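**Q** Quick one, what's the 3D model for this:
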Amino acid sequence: MTRYILPVNLDVDMNINCFDYYKLSMILSNKELIPWYIERFIGLQVDQHFECSYYELGSSSPTEYEFVFDEVLSTTRIILGKDTILDATLKALKEKKYVLLTLNQKYFREYHKLRNLDSVHGTMFVGYDEESELLYFLENVDNKWSLESLNFSDLEQSFHSSLEIILKDDYVDSWLLFLSRVGEPASTFEVKNNFNRQVRLNIIYDTLIHYLNGVENISRDSRFYRWNGIAIYKAFYQNLTEILMNNDLHEYFKPFRIHNIEKGMRRLLENKRGLIYRANYLVESLSIECDETLLKDLRDLYSLLETGVALYSKFFRKQDKKIIERANVNLKRAEELECIILSQLSNSILNHIKLNIGH
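**A** Numbering: from 1, shown residues only. The predicted structure is shown next:
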């Protein structure tokens, strides 16, 4: 048996962005790193394109995302030299390092092969089989992550073709900066398994308070908006709604922008599932006393958002403005309920900290 697979957690409930999932699938294969995860991916922000994210990946805050993983992941850029990309990949995997490469999917995915369709995408390799000459990578199919395989013989062309596409692109500088921030076009990752600490409750408390104090920021030249924390609701039910009510959707937004808005709104749901997970962890693992209605309120919050997000998706298909009005009723109710929930949760955390000082 020559197949070797590094530890991965395929059940991480964060699959909107592959570059987040890739790292978390490695990190959360070690349960001792859960405290690190509990402290992060709580806050949200919405940019001027109404795309929702956890952390800033753009030039306005160039180091935020890079620092998120430093405590638990070691990243090393792959410098090829005389090695082929296959040699470098196999060497790293044999050293128990994960490998992230930017590839042209045309050379190994059937959908893209059949259509001769160039498509540049990051791919995380987690194992290999030398006898069968296969590399194993993480793949999302219908929002479910699994392992898929790529032939050794397809890697070289897929990698170098992706670089050629990027270097010929009109926005090559932006491409390369973005890829650098997420660890592409070629890097290895090691999980730092010497992690040994508990959840820092002050970090969670500060994050929740920051979220509750969420604000709308406007750039110096008034061209760019950004909403943080609780203010993201306003971004959708006020600012985005004003655009949708007064413009033709497909004339105002390019198709990929509409897709990214929908994807970002699904992140709202992902985020609230994460909040439910963290609240349960705080109660069950750290014995933090919370209001008995808290978990029910969190489920109600999720239901409100689930309906609201579904209505926005329906609007993007039918463009019936009455649908937006119904969706925004849910978003406004969710905004009010989340303020109550986060205030209760932050107070519970603060009380726990006070009670345990000196213990």
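**Q** For the rest of this, base every contact and every neighbour count on C-alpha atoms.
**A** Fine.
**Q** which residues of the stretch 101-250 of the chain score low on pLDDT?
**A** 114, 218-224 (pLDDT under 70).
**Q** can you give me the strands for it?
**A** 120-129, 134-141, 144-151, 186-191, 216-218, 225-228 (DSSP state E, counting those that start in this stretch).
**Q** Let me have the ones you listed in a markdown table, adding distance to K168 and mean neighbour count as columns.
**A** Formatted as a markdown table, the strands of the stretch 101-250 of the chain follow (distance: least, C-alpha to C-alpha, whole Å; neighbours: other C-alpha atoms under 10 Å):
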| stretch | distance to K168 | mean neighbour count |
| --- | --- | --- |
| strand 120-129 | 13 | 22 |
| strand 134-141 | 27 | 19 |
| strand 144-151 | 26 | 16 |
| strand 186-191 | 18 | 22 |
| strand 216-218 | 33 | 15 |
| strand 225-228 | 31 | 21 |
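**Q** Mind putting those strands into JSON lines with distance to I165?
**A** Putting the strands of the stretch 101-250 of the chain into JSON lines (distance: least, C-alpha to C-alpha, whole Å) gives the following:
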{"stretch": "strand 120-129", "distance to I165": "8"}
{"stretch": "strand 134-141", "distance to I165": "22"}
{"stretch": "strand 144-151", "distance to I165": "20"}
{"stretch": "strand 186-191", "distance to I165": "15"}
{"stretch": "strand 216-218", "distance to I165": "34"}
{"stretch": "strand 225-228", "distance to I165": "31"}
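**Q** between those, which one is nearest to D47?
**A** Closest to D47 of the strands of the stretch 101-250 of the chain is strand 225-228 (C-alpha to C-alpha; 4.6 Å).
**Q** Give the other helices and strands that the closest one contacts.
**A** Secondary-structure packing of strand 225-228 (3 or more C-alpha pairs under 8 Å, 6 or more residues apart in numbering; DSSP states H and E): strand 45-46, strand 216-218.
**Q** what does it rub up against?
**A** 43-48, 211, 214-219, 235 (C-alpha atoms under 8 Å, 6 or more residues apart in numbering).
**Q** Please name the strands paired to it in the sheet, noting orientation.
**A** strand 45-46 (antiparallel), strand 216-218 (antiparallel) (DSSP bridges).
**Q** between those strands, which one is nearest to I324?
**A** Nearest of these (C-alpha to C-alpha): strand 45-46, 18.5 Å.
**Q** Show me what the helix or strand following the closest one is packed up against.
**A** Moving toward the C-terminus from strand 45-46, the next helix or strand (DSSP states H and E) is strand 52-53. Here strand 52-53 touches strand 45-46, helix 255-286, going by 3+ C-alpha pairs under 8 Å, 6+ apart.
**Q** list the buried ones in the longest one?
**A** In other words, helix 255-286. 258, 261-276, 278-282 (16 or more other C-alpha atoms under 10 Å).
**Q** ditto for stretch 99-109
**A** V99, L100, L101, T102, L103, N104, Q105, K106, Y107, F108.
**Q** Which one, of the strands of the stretch 101-250 of the chain, ends up nearest to K354?
**A** Across the strands of the stretch 101-250 of the chain, closest to K354 is strand 225-228 (C-alpha to C-alpha), at 28.4 Å.
**Q** could you give the angle of the top helix by length along the chain to helix 255-286?
**A** If you go by DSSP state H, the chain has its longest helix at helix 321-355. With axes from the mean of the first three to the mean of the last three C-alpha atoms, to 10 degrees defining the directions, helix 321-355 sits at 30 degrees from helix 255-286.
**Q** Report the rounded mean pLDDT for helix 321-355.
**A** What helix 321-355 shows for mean pLDDT is 96.
**Q** Off-centre distance for that helix?
**A** Relative to the chain's own centre, helix 321-355 is displaced by 21 Å; criterion: C-alpha atoms, centre = their mean, to the nearest Å.
**Q** One more: stretch 208-221?
**A** Computed by C-alpha atoms, centre = their mean, the chain-centroid distance of stretch 208-221 equals 20 Å.
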